[in-house]
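>>> sharing a sequence plus its predicted fold:
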Amino acid sequence: MTLVEHYDTGASENTRLTRSPHGRLEFRRTQELVRRTISGTGRRVLDVGGATGVHARWLAADGHSVHVVDPVASHVTEAAEIDGVTAEVGDARALTWPDDSADVVLLMGPLYHLTESADRARALAEARRVLRPGGVLFAAAISRYLSAMETGTNGQLTERLSPAVESVLETGCYDGHVGFVPAHFHTADELRGELETAGLSGISVYGVEGPAWPALDVAGIEEFDVRVDAAVRCARLVEQDPLLINASAHFLAVAVN
């Protein structure tokens, strides 16, 4: 199944960051990390792979001008209905914006959906091309340890599933064994290396959810409000700890052009 088919046949980006406890934690921490870096208003933001505008919505509400690029036409239609947001169908590897035209570029999905390293390099090169000098890139990635932590915590790590989980730990090639489309899962060091190779500077890589996210999922949505503050504090404490950063389900890299 292609990426477009996956999202056109029922996978809802509107609820991805609200339907599970760890999704809610990811959303809260992503907002925190982005706002920590770009204060004020009036930035020209290019949200590449921005889907239905989940992040574009709050960025526009913060006073920024946001343009979404996504390969799924239905996503683009929804995103374009958000106040302060424009949108187009497009490819992270071949952006239509001119050189030096964006203050901020978000790559919140392309680096895991592009399974070939050459394609990820092209997406990063395009992001750098459209960023003005001194502009900021935010690039998200999925941790190689996500499957091991999720299935080991929720009881789904069976003897039959173990080889697939071990394979993604070793290679980063995720085959869809616990849902989702085939994807590339990073380590924090690998993500940093890809941004360095792209010529970006001032790179910081953060663990988004921290190590408490699987416990939030096991506790369930009804316990989220009681437990989330502690989980957020935990994530902040170890967000760049080299021994625990890979325990997050996602990374967010921040870099300067």
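Arrived safely.
>>> can you name the residues that contact residue 73?
residue 89 (C-beta atoms under 8 Å, 6 or more residues apart in numbering). Bear in mind the C-beta positions are built from the backbone N, C-alpha and C, glycine included.
>>> number of nearby residues for residue 188?
Neighbourhood size, residue 188 [other C-beta atoms under 10 Å]: 21.
>>> from residue 126, how far off is it?
Using C-beta to C-beta, to the nearest Å, residue 188 is found at 23 Å from residue 126.
>>> and if you look at residue 136?
15 Å.
>>> please apply the same query to residue 147.
For residue 147, the distance to residue 126 - C-beta to C-beta - is 29 Å.
>>> now residue 168
According to C-beta to C-beta, residue 168 and residue 126 sit 27 Å apart.
>>> then residue 234?
For residue 234, the distance to residue 126 - C-beta to C-beta - is 35 Å.
>>> with residue 257 instead?
Distance, residue 257 to residue 126, using C-beta to C-beta: 12 Å.
>>> residue 199: neighbouring residues, count only.
Around residue 199 there are 11 other residues, counting by other C-beta under 10 Å.
>>> contacts only, for it.
Applying C-beta under 8 Å, 6+ apart, the residues near residue 199 are residue 128.
>>> can you check the pLDDT for it?
Residue 199 carries a pLDDT score of 97 in this model.
>>> could you look up the SS state of it?
coil (DSSP: H, G, I helix; E, B strand; the rest coil).
>>> kindly report the same for residue 134.
Per three-state DSSP, residue 134 ends up strand.
>>> what segments of the chain are helices?
In the chain, the helices defined using DSSP state H lie at 3-8, 21-37, 54-61, 73-79, 110-113, 117-130, 146-154, 162-171, 188-197, 213-219, 224-237.
>>> can you tell me which of the ones you listed is most buried?
helix 110-113 (a mean of 24; mean count of other C-beta atoms under 10 Å).
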